[in-house]
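In: Got a sequence here, can you build the structure:
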Amino acid sequence: MRKHLNFDKDWKFFRGDFAPHKPTDEWGGAKARAYSFGATSMTLNDASWRTVTVPHDYVMESSYTKKTNGNSAMKNIPAMESINSRHLAGGCLEGGIAWYRKHFTLAPEDTNKRIHITFDGVYRDCTVYLNEYYIGSHIQGNTSFYFDITDFVNYEGENILAVRVDSTGREGWWYEGGGIYRHVWLDIMEEVYTEPWGIFVASEVDLDKNSAKLSIETEINNYSLDEKNILLESIILDTDDKEVAVLKKELSLPVWDAITNKQDLSLTDINLWSLENPYMYHLQTSLYHDGKLLESTVTEFGLRHVHFDAERGFFLNGKSVRVQGICNHNNHAGVGIALPDTVNEFRLKQLKTMGTNAYRSAHHAATPELLTMCDRLGILVMDETRRMSSSPDDLEALTSLVKRDRNHPSIIIWGIGNEEIFSQDRPETARTTVTMKMAVRKLDSTRPITSAVTCWNGKERFDTAEGYVPVTEKLDVMGFNYCLSAWDDYHERKPDQPILITEESSSGTTRGCYSTCEANGQYYVFDPDNLDKCTIKRKAVRKDMGELAWKSFTERPYLNGIFLWTGMDYRGEPTPLTYPAISSQFGIFDYCGFPKDNYYYYKSWWTDEPVLHIFPHWNHPSKEGQPITVYCYSNLDEVELFVNGKSYGRQPMSRDWYLNWENVIYEPGKLTAKGYKNGVEVLTETVRTTGAPHKLLLTPYTTNLTCGDTAILQVSILDENGIVVPTASDEIYFSVEGAGEFLGTGNGNPGSHESDIVPIRRAFNGLCQLLVRTTEVGMLKITASSHTVKGMTIELEVK
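Out: Have a look, this model is predicted:
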């Protein structure tokens with residue numbers, strides 16, 4: 001029977017380089033099993049190496065440094081002119097070379113089985129060795145890959161897997177980290193087995209008949225020296241594991257060869273996958289030989305009808321859906337790019353609270369587990385390859401992405417490019433687009449492709465996309481990054497081509513900051529003095545950009561959806577600020593997943609829930625008697641503002657917009673907003689002037705923990721009345737005892753140069769976050785203490 005084993009634990013790790021530096025070192029380029037030296041040697045004593053669990057990002061161990069050289073070309077790109085080096089763009093943490101080694105043995109029953117090793121993601125340029133043999137290399141840092149290591153394993157003794165990782169190269173212009181940053185798997189199979197990612201359930205849904213035609217492709221390998229007659233059994237199960245359909249077929253497998261079998265069937269009275277009811281079916285694929293079960297695997301899939309319309313927008317299962325999407329990079333406080341599954345789930349659920357229903361994996365292949373979460377949570381996905389190119393390496397990256405991910409019902413479109421400013425108007429790119437599209441079609445003909453096009457070439461900006469039409473007309477769906485002025489013009493030029501806004505502004509602000517300070521790396525989008533405070537003037541003019549983008553989208557029913565840049569802050573790309581800022585501020589949530597004020601703007605117009613939110617906070621001791629502008633996000637009809645009971649007026653709320661009251665005189669006490677619907681008061685929000693920091697509060701994201709999960713805790717600094725102090729920055733010390741270990745911290749401050757991987761952290765504007773990895777069943781004791789406020793201890797059960 002097939003075994004699918006998690007290989008995340010007990011890796012030995014060394015930050016630095018050993019020989020072999022490349023596979024051709026010494027006799028490596030001339031002889032097999034020539035790597036009996038350096039980090040690949042079976043006799044190397046790695047006892048002094050650290051033991052780590054992957055996912056692991058070793059670049060998080062670096063110290064922040066300021067470097068201004070390294071990429072002069074970036075100065076030619078207007079959007080990047082505040083970032084004058086790739087080092088700054090990457091978050092000011094230096095990459096490097098590191099080695100991982102894993103010792104393992106196989107069970108006696110595994111003798112002569114086929115063995116595969118699968119890496120969900122290694123950043124980047126990795127070389128893999130086993131038992132002093134060279135196994136293979138994988139340069140790209142965002143795609144999953146696997147090697148057949150059958151010929152190189154030791155079935156009877158110890159095996160040593162060695163992986164060299166070189167993260168000095170870059171694929172993007174943001175923080176990209178380094179290391180084995182996703183899961184690793186060991187698959188043990190019979191000589192006859194289904195190919196990894198080789199099962200595909202394509203469906204065609206008939207909404208009128210509530211039925212679906214299914215085409216099941218199964219790729220089967222025979223690595224024996226005999227022709228094999230096998231029985232392929234395909235069972236469709238519903239979400240409760242009840243049989244829906246059974247297909248059986250006798251197959252003859254040639255010696256040492258593979259076949260792809262196709263089975264067609266129809267289902268009636270189907271359950272559709274939707275945002276409200278993300279219903280999943282299961283395909284159980286079993287292979288038998290002479291009555292013996294060789295393997296049984298389960299593939300999840302969903303049935304839904306997707307339609308991008310050039311005039312009416314996006315439809316899911318025949319119903320019009322406003323695609324309310326966000327773009328996200330793959331990194332988080334405390335762990336960098338090595339996001340545990342629990343953290344990915346936390347981030348998705350945070351995004352859903354404001355009405356997000358779509359996710360763009362920008363600009364990378366999404367983590368497999370994240371896609372499974374989107375399937376189960378009812379979140380649409382734009383899955384994207386890193387580089388728009390038809391070179392063999394880049395086509396392989398694209399096709400492996402499609403083959404791996406094509407069974408996920410959440411994925412509605414494939415992205416093949418992003419802001420290819422140096423080539424998106426060239427005839428070669430038109431040919432490349434067709435080549436990439438047809439490569440996708442061979443593997444999945446059920447989804448369209450798009451590319452994220454922007455109306456500038458790195459130097460000049462254009463009001464229309466006229467010059468790009470020879471390329472963009474090859475796309476199934478036109479994708480616009482920004483370029484609001486070009487949307488209507490393009491729709492008139494290509495009225496039959498659907499348009500998707502693949503990227504637009506959300507804003508750009510620091511959580512809890514209400515004045516821009518470039519020296520501290522903090523930015524406030526509504527600061528009226530931003531032009532004077534920021535070095536890069538052009539990028540500082542961003543007031544209303546997020547609100548304007550959404551409002552402009554809602555006024556154009558022909559648009560198929562919008563993805564905002566970004567859902568959450570990410571390390572690197574601190575535009576419009578520069579060093580000491582080391583993090584972006586485009587997010588609706590900060591780097592920890594704490595919501596910013598504009599979270600409530602989107603929640604107002606992306607959900608039906610009544611919303612009322614006012615800002616700034618009301619702790620301004622240096623501004624007593626001075627005027628302050630107060631802002632309000634709400635979806636109610638009218639809002640009235642009060643300071644200590646004095647009214648500053650009642651204003652009507654315009655659809656998809658916000659309110660502000662200028663010249664509100666600051667005095668300590670209460671800032672209150674009352675919201676009205678149909679003339680009736682339905683919501684009240686009060687922001688109070690707090691007292692001094694008094695105590696800590698630990699709040700777990702969830703108390704439902706199992707071994708291997710990550711406990712995520714919000715740490716709040718409260719005054720004596722239990723109110724979060726919005727300016728508090730007390731230093732906090734953490735200790736973990738029992739069934740877990742410290743993993744990381746963060747506070748969402750884009751100018752903080754504190755280490756994320758030590759158990760000490762200052763709060764930022766009243767909050768910080770603690771991550772703890774659970775390691776065993778039992779009780780987990782977590783203590784937060786401080787020299788300036790009262791501490792707290794919490795105990796959580798790990799089941």
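
In: and the next element down the chain from the helix or strand bottoming out on mean pLDDT in the chain?
Out: Using mean pLDDT, DSSP states H and E, helix 537-540 stands out as the lowest-scoring helix or strand of the chain, at a mean of 68. The helix or strand immediately downstream of helix 537-540 is helix 545-554, counting by DSSP states H and E.

In: Give me the contacts around that following helix.
Out: By CB atoms under 8 Å, 6 or more residues apart in numbering, the residues outside helix 545-554 that reach it are 322, 484, 487, 501, 504-508, 525, 559, 562, 564, 598, 601-602, 605, 655-658. Where C-beta positions appear, they are placed from N, C-alpha and C, glycine not excepted.

In: In PyMOL, select just the buried ones from those residues.
Out: Here is the PyMOL command that selects only those of the contacts of helix 545-554 that count as buried (16 or more other CB atoms under 10 Å):
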select buried, resi 322+484+487+501+504+505+506+507+508+525+559+562+564+598+601+602+605+656+658
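
In: how long is stretch 397-414 end to end?
Out: Start-to-end span of stretch 397-414 (CA to CA, to the nearest Å) is 13 Å.

In: can you give me how far that stretch is from the chain middle?
Out: Chain-centre distance of stretch 397-414: 15 Å, with CA atoms, centre = their mean, to the nearest Å.

In: ditto for stretch 431-438
Out: 26 Å.

In: Could you list the residues in contact with that stretch?
Out: The contact list for stretch 431-438 (CB under 8 Å, 6+ apart) reads 388-390, 395, 398, 416-417, 449, 451, 471, 474-476.

In: swap the cut-off to 7 Å and go again
Out: Taking contacts as CB atoms under 7 Å, 6 or more residues apart in numbering, the residues outside stretch 431-438 that touch it are 388-390, 398, 416, 449, 451, 471, 474-475.

In: any chance of the residues you listed in a markdown table, with pLDDT too?
Out: Converted to a markdown table, the contacts of stretch 431-438 look like this (pLDDT from 0 to 100):
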| residue | pLDDT |
| --- | --- |
| Met388 | 97 |
| Ser389 | 97 |
| Ser390 | 97 |
| Leu398 | 98 |
| Ile416 | 98 |
| Ile449 | 99 |
| Ser451 | 98 |
| Val471 | 96 |
| Lys474 | 98 |
| Leu475 | 99 |
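
In: Who wins on neighbours among those?
Out: The most crowded member of the contacts of stretch 431-438, judged by other CB atoms under 10 Å, is Ser451 (30 neighbours).

In: Surely that one forms part of a strand?
Out: Yes: according to DSSP: H, G, I helix; E, B strand; the rest coil, the state of Ser451 is that of a strand.

In: Count the neighbours of the residue nearest to it when sequence neighbours are not counted for me.
Out: Nearest in space to Ser451, with sequence neighbours left out and distances taken as CB to CB, 6 or more residues apart in numbering, is Gly417 at 3.8 Å. Using other CB under 10 Å, the number of residues around Gly417 comes to 27.

In: any idea which element Gly417 lies in?
Out: According to DSSP H and E, Gly417 maps onto strand 411-418.

In: Packing partners of that strand?
Out: For strand 411-418, the packing partners by 3 or more CB pairs under 7 Å, 6 or more residues apart in numbering; DSSP states H and E come out as strand 380-384, helix 392-405, strand 449-453.

In: The same query, at a cut-off of 8 Å, please.
Out: Packing contacts for strand 411-418, counted by 3 or more CB pairs under 8 Å, 6 or more residues apart in numbering; DSSP states H and E, involve strand 380-384, helix 392-405, helix 427-443, strand 449-453, strand 477-481, strand 499-505.

In: Next, the angle strand 411-418 makes with the third one.
Out: Meaning helix 427-443. Our comparison of helix 427-443 with strand 411-418, counting by axes from the mean of the first three to the mean of the last three CA atoms, to 10 degrees, yields an angle of 150 degrees.

In: just the last one next, same as before
Out: What separates the directions of strand 499-505 and strand 411-418 is an angle of 70 degrees, with the same axes, to 10 degrees.

In: pLDDT of whatever helix or strand comes next after strand 499-505, averaged?
Out: Toward the C-terminus, strand 499-505 is succeeded by helix 530-533 as the next helix or strand (DSSP H and E). For helix 530-533, mean pLDDT is 86.

In: Check which helices and strands helix 530-533 is in contact with.
Out: Looks like helix 530-533 contacts helix 537-540 (3+ CB pairs under 8 Å, 6+ apart).
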